[in-house]
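>>> sharing a sequence plus its predicted fold:
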Amino acid sequence: MDKDTRQAVADGGSGSDGGSDSGRGSAEGRQRLMAEGLTLAYDRRTVAEKLSVTIPDHSFTVIVGPNACGKSTLLRALSRMLKPVAGSVLLDGQAIGTMPAKKVARTLGLLPQSSIAPDGITVADLVARGRYPHQGLLRQWSEADERIVDESMAATGVAELADRYVDELSGGQRQRVWIAMAIAQQTPLLLLDEPTTYLDIQHQIDVLDLCAQLHEEQGRTLVAVLHDLNHAARYATHLIAMRGGEIVAEGAPGDVVTAEQVERVFGLPCQVIDDPETGTPLVIPAARRSRTARVEAPTPLAGFVSES
Ligand SMILES: Nc1ncnc2c1ncn2[C@@H]1O[C@H](COP(=O)(O)OP(=O)(O)OP(=O)(O)O)[C@@H](O)[C@H]1O
Ligand SMILES: [Mg+2]
């Protein structure tokens, strides 16, 4: 599916239907990306019901939540890769399911949680696919496309890998190539599903800084799923916490990341202190000894809660 997802973004239909940045917030309270009353399911497995969400324009929205709570499923629905069973996703006020694929791909980019590159493709060629939604009968590959591809590779530190085969890279190198492709798409809205997975700490920070830069300097709207609550609290301008297919808290990181909420959402006792660098919430999980003291009979693998 993720390969299809990537392919759909890269191929993106065949029309040449105008610009990418139109329709910004015309009606009061309306944001560019919204969803209302979503029921999301795979075959008979329902992941979410009556799920509504609004992504604030120009925000860096971060979604957090336990494994299997529906974060990726929500991102897929928001990017038209998963058709809701009920409810609708609105992009610039229009039901996203009714929009031409190429128009969606020029407005909204998705970096899926995992992606498989086509066999034998080089880094430069894969990143260049980010430019496909901008091509058309009347608009061929240009020097500007070339420049954007080069800039995207430089920004993610993969320029020196340009001629290497993607399937011969390390996990972290590959992840940065996919991010470069998503950035090369130059969409005003960018959805990133765990962009820092596989990355060492320096590259995690580089990628998050890059996201912050895209958001602050270019006014792009970013939505990222992150597992690191401390990174989420540092970078998010709007934080959404999910559990069991529902949004259980959202708002400023300082309001959402509290010891009570972290225990409620993740079942993890912790302290939340001020990050000495940024003043944002810093989650310190309770030590094993004090956690096990809280439960009368600790069970093996107690943290691994099976899905319902
Ligand atoms: N392609 C699929 N077919 C069937 N069920 C799926 C599929 N993808 C996800 N699911 C199920 O939907 C639920 C939500 O999955 P989802 O991938 O959205 O979770 P997540 O919050 O992104 O988790 P993680 O943090 O592990 O990435 C899980 O129970 C999962 O098993
Ligand atoms: Mg996921």
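That came through fine. Ligands and ions are numbered 1, 2, ... in the order given.

>>> would you pull up the residue in the stretch 101-250 of the chain closest to ligand 2?
Gln113 (4.6 Å; CB to the ion). C-beta here means a position set from N, CA and C on the backbone, and glycine is covered the same way.

>>> that residue and Gly219, how far apart?
As judged by CB to CB, to the nearest Å, Gln113 and Gly219 stand 26 Å apart.

>>> settle it for me: which of the two has more neighbours?
Gln113 (16 against 12; other CB atoms under 10 Å).

>>> which pLDDT value belongs to the nearest residue to that one once chain neighbours are set aside?
Leaving aside its chain neighbours, Gln113 sits nearest to Asp193 (4.1 Å; criterion: CB to CB, 6 or more residues apart in numbering). At Asp193 the predicted local confidence, pLDDT, stands at 96.

>>> I figured Asp193 hits His227, correct?
No - using CB atoms under 8 Å, Asp193 is not in contact with His227; the gap is 11.0 Å.

>>> between the two, which is the more surrounded one?
Neighbour count, other CB under 10 Å: between Asp193 and His227, Asp193 has more, with 24 against 14.

>>> dihedrals phi and psi, the more buried one?
Phi and psi for Asp193, reported as degrees, to the nearest 10, are phi -90, psi 100.

>>> how much space between it and Ser152?
Asp193 is 18 Å from Ser152, by CB to CB.

>>> phi and psi next, for Leu74.
Torsion angles, degrees, to the nearest 10, at Leu74: phi -60, psi -40.

>>> got a list of what it touches?
Residues near Leu74 by CB atoms under 8 Å, 6 or more residues apart in numbering: 35, 38, 40, 48, 51, 53, 63, 242.

>>> ok, Thr187 next?
Taking CB under 8 Å, 6+ apart, one finds 20, 105-109, 220 in contact with Thr187.

>>> which one's the longest helix in this structure?
Scanning the chain for the longest helix, with DSSP state H as the assignment, gives helix 201-218.

>>> which residues are in contact with that one?
58-60, 155-157, 172, 176, 179, 183, 190, 192, 195-196, 199, 220-222, 224, 228, 231, 234-235, 237.

>>> show me which residues of the protein sit near ligand 2.
Neighbours of ligand 2 within the chain, by CB under 5 Å from the ion: 71-72, 113.

>>> same thing but 6 Å
71-72, 113, 193 (CB under 6 Å from the ion).

>>> most widely separated two among the residues you listed?
Greatest spacing in the residues of the chain next to ligand 2, by CB to CB: Lys71 and Gln113 (8.7 Å).
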